[in-house]
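Q: I'll drop the sequence and a predicted model, then ask my questions.
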Amino acid sequence: MTARPARLRNATLDALPAAVARPAYDRDRTSIGIVHLGAGAFHRAHQAAYLDELLAVDPDWAICAVSLHSTAVRDALRPQDGLYTLVRIGERETLRVIGAIRELLCARDEGAAVLARLANPDTRLVTLTVTEKGYCLGADGLDFDHPDIAHDLATPDAPRSAIGYVVAGLARRRAAGIAPYTVLSCDNLADNGGRLRRAALQYAERVEPGLAQWIEAEVAFPRSMVDSITPATDDALRARVTAQLGCTDAWPVQREPYMQWVVEDRFCNGRPPLERAGVTLSGDIAGHDRAKLRLLNAPHSALAYLGSLMGIETVADAMRAPALAAFVETLMRADIAPNLAAPAGFDARTYIDAILARFRNPAIRHLLSQIAWDGSQKLPVRLLGTIADALAAGRPIDRLCLPVAGWLRFVVRQARAGTALVDPLDEPLTAIGRAATGEARRDVDAFLALDAVFAPLSADPRFVDALRAAYAALGDAGPAAIAAALERATQGARR
């Protein structure tokens with residue numbers, strides 16, 4: 001019988017192959033300064049990887065990783081002393097063992113330990129990746145009808161929600177005369193720090209008005225932006241990791257080589273020297289969000305609609321189509337970047353280079369069909385804002401209108417095929433698509449009547465004319481017609 005490989009843990013680190021990177025510091029000399037709520041794969045592949053670099057410089061910022069409900073991460077990694085493998089996937093795969101997590105807790109059955117860690121004076125930063133749903137938000141801030149919020153208000157010393165734990169920990173520190181911790185949302189949520197702050201204050205006001213006043217005066221809730229693609233862990237990844245480590249890792253994670261973390265430099269109880277690990281500290285998180293939306297997400301949408309019409313399945317496949325790849329790069333460099341109000345210190349050329357490399361990564365299977373979802377919500381913030389800025393500056397918008405026309409043609413194709421759109425405006429869009437005749441003026445004008453998408457641009461004749469021309473340029477919207485239109489548009493930029 002073949003012996004099972006040993007488990008990854010502190011005692012097996014020295015036996016790992018030389019090609020596997022491992023913590024560049026003595027784990028026993030680190031101390032927990034961060035409590036992280038939401039110990040999923042993204043945190044372990046992203047923030048924990050940054051902090052693993054940082055601990056070699058400053059050992060006071062190790063992590064207590066808390067799962068609010070599931071015991072799975074704790075039960076997988078506690079026997080491994082919190083160690084796990086980060087696999088960076090690309091043309092060349094690399095492995096690195098992360099040691100930043102020193103403690104793993106599950107709030108569901110270890111709530112007292114979580115509250116004790118939050119109240120510990122060594123804890124100076126609480127970070128969160130709980131997804132938008134985990135903030136229990138409603139239209140006007142906190143959703144007081146949410147079952148977890150209702151439970152926590154009835155029993156604030158035994159919370160269930162992330163908001164409940166954040167505030168309960170702060171309440172304990174206030175009662176003990178301990179300085180508060182900074183609360184840093186790392187979820188992709190617009191104005192994440194501002195929305196978290198409002199929710200915490202609304203909750204605290206219901207618990208004790210004096211506590212809310214103290215939080216408002218003393219606690220910092222910085223905004224942030226994060227970016228990296230983290231595919232789910234599967235058995236194939238576990239098998240590859242075991243083979244390369246020579247020992248078993250119950251829960252490795254994988255990530256593309258690129259990662260970005262931008263944090264508002266506003267902390268209330270000291271902060272880790274994040275910049276030493278490659279984190280960007282900025283006072284303009286909205287500017288970085290805008291750059292991401294326009295230089296990353298807008299080209300993604302262009303690839304999704306134009307690539308789908310060409311019969312292409314993934315982003316990496318789309319970047320192997322010469323006409324589409326050249327068009328997208330031209331769009332980014334010649335049309336989007338010049339119309340971007342970039343944050344201070346932002347290098348658009350370098351950012352575009354990194355995005356194009358990400359798009360070409362053959363190890364990331366990013367489906368165009370998924371990126372194509374919710375076009376009526378995505379296009380206004382991804383593309384139409386750039387078009388509006390270009391018009392205001394007197395710049396051309398012909399190329400910018402081609403992806404928008406691609407979306408219209410995509411809607412028509414789906415409607416004619418009887419395929420439902422994944423979009424909040426599915427019904428009106430499908431009705432317009434079914435009635436489409438192929439005549440540019442008629443079809444485009446029908447779409448432009450959707451004020452929720454196109455107003456106020458739909459009242460600008462320059463945009464209307466350019467969109468009609470782009471729609472007509474796509475011809476029958478077959479692969480050959482799309483490729484020809486893209487080649488013409490790209491050549492026009494090179495003249």
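A: Arrived safely, thanks for sending.

Q: Poorly predicted segments of the stretch 51-200 of the chain, please.
A: Judged against pLDDT under 70, the stretch 51-200 of the chain has no low-scoring part.

Q: those helices in it, which residues are they?
A: 72-77, 107-119, 147-154, 162-176, 192-207 (DSSP state H, counting those that start in this stretch).

Q: possible to save the ones you listed as TSV with mean neighbour count?
A: For every residue, glycine as well, the C-beta is placed using N, CA and C. Listed next are the helices of the stretch 51-200 of the chain as TSV, based on neighbours: other C-beta atoms under 10 Å:
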stretch	mean neighbour count
helix 72-77	19
helix 107-119	18
helix 147-154	16
helix 162-176	22
helix 192-207	21
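
Q: Between those helices, which one is closest to Ala459.
A: When the helices of the stretch 51-200 of the chain are compared by C-beta to C-beta, helix 192-207 sits nearest Ala459, at 31.7 Å.

Q: is it possible to export the helices of the stretch 51-200 of the chain to TSV including distance to Ala48?
A: Shown next, in TSV, are the helices of the stretch 51-200 of the chain (distance: least, C-beta to C-beta, whole Å):
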stretch	distance to Ala48
helix 72-77	11
helix 107-119	16
helix 147-154	25
helix 162-176	18
helix 192-207	18
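
Q: Among those, which comes closest to Leu408?
A: For Leu408, the closest of the helices of the stretch 51-200 of the chain is helix 192-207, at 32.5 Å, according to C-beta to C-beta.

Q: Quick check: mean pLDDT of the helix or strand that comes right after that closest one?
A: Counting by DSSP states H and E, the next helix or strand C-terminal to helix 192-207 is helix 209-218. Averaging pLDDT along helix 209-218 gives 98.

Q: quick one: buried residues of the helix or strand just after helix 209-218?
A: For helix 209-218, the following helix or strand on the C-terminal side (DSSP H and E) is strand 224-227. Across strand 224-227, burial judged by 16 or more other C-beta atoms under 10 Å covers 224-227.

Q: Which pair of those residues spans the longest distance?
A: Maximum distance among these (C-beta to C-beta): 10.6 Å, for Ser224 and Asp227.

Q: Find residues that contact each of these two.
A: Both Ser224 and Asp227 are contacted by Trp261, under the criterion C-beta atoms under 8 Å, 6 or more residues apart in numbering.

Q: residue contacts, Pro272?
A: Taking C-beta under 8 Å, 6+ apart, one finds 33-34, 51, 54, 58, 60-61, 125 in contact with Pro272.

Q: Recalculate using a threshold of 7 Å.
A: Pro272 is in contact with 54, 58, 61, counting by C-beta atoms under 7 Å, 6 or more residues apart in numbering.

Q: which ones are touching the closest residue in space to the second one that isn't next to it in sequence?
A: Right, the one you point to is Asp58. Of all residues not flanking Asp58 in the chain, Pro273 sits nearest, at 5.8 Å (C-beta to C-beta, 6 or more residues apart in numbering). By C-beta under 7 Å, 6+ apart, the contact set of Pro273 is 54, 57-58.

Q: By neighbours, which of the residues you listed wins?
A: Leu54 (23 neighbours; other C-beta atoms under 10 Å).

Q: Pretty sure that one sits against Trp61.
A: Yes: in this structure, Leu54 is within contact of Trp61 by C-beta atoms under 7 Å, at 5.9 Å.

Q: re earlier: distance to Ser185 for the contacts of Pro272 - can I get that in TSV?
A: Listed next are those as TSV, based on distance: C-beta to C-beta, whole Å:
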residue	distance to Ser185
Leu54	19
Asp58	22
Trp61	18
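
Q: ok, so of those, who is nearest Ala220?
A: Once C-beta to C-beta is applied, the member of the contacts of Pro272 that ends up nearest Ala220 is Trp61, at 16.2 Å.

Q: residue contacts, the closest one?
A: Per C-beta under 7 Å, 6+ apart, neighbours of Trp61: 33-34, 51, 54-55, 272.

Q: same deal with Ala316?
A: So Ala316 contacts 360-362, 364 (C-beta under 7 Å, 6+ apart).

Q: could you flag which of the residues you listed are buried?
A: Neighbour counting over these (16+ other C-beta under 10 Å) leaves 360-361, 364 as the buried ones.

Q: now these as a markdown table including secondary structure and distance to Gly283?
A: Output for the buried ones among the contacts of Ala316, formatted as a markdown table (DSSP: H, G, I helix; E, B strand; the rest coil; distance: C-beta to C-beta, whole Å):
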| residue | secondary structure | distance to Gly283 |
| --- | --- | --- |
| Arg360 | helix | 33 |
| Asn361 | coil | 32 |
| Ile364 | coil | 32 |
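
Q: CSV please, covering the residues you listed and showing pLDDT.
A: CSV is the format used below for these (pLDDT from 0 to 100):
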residue, pLDDT
Arg360, 97
Asn361, 97
Ile364, 94
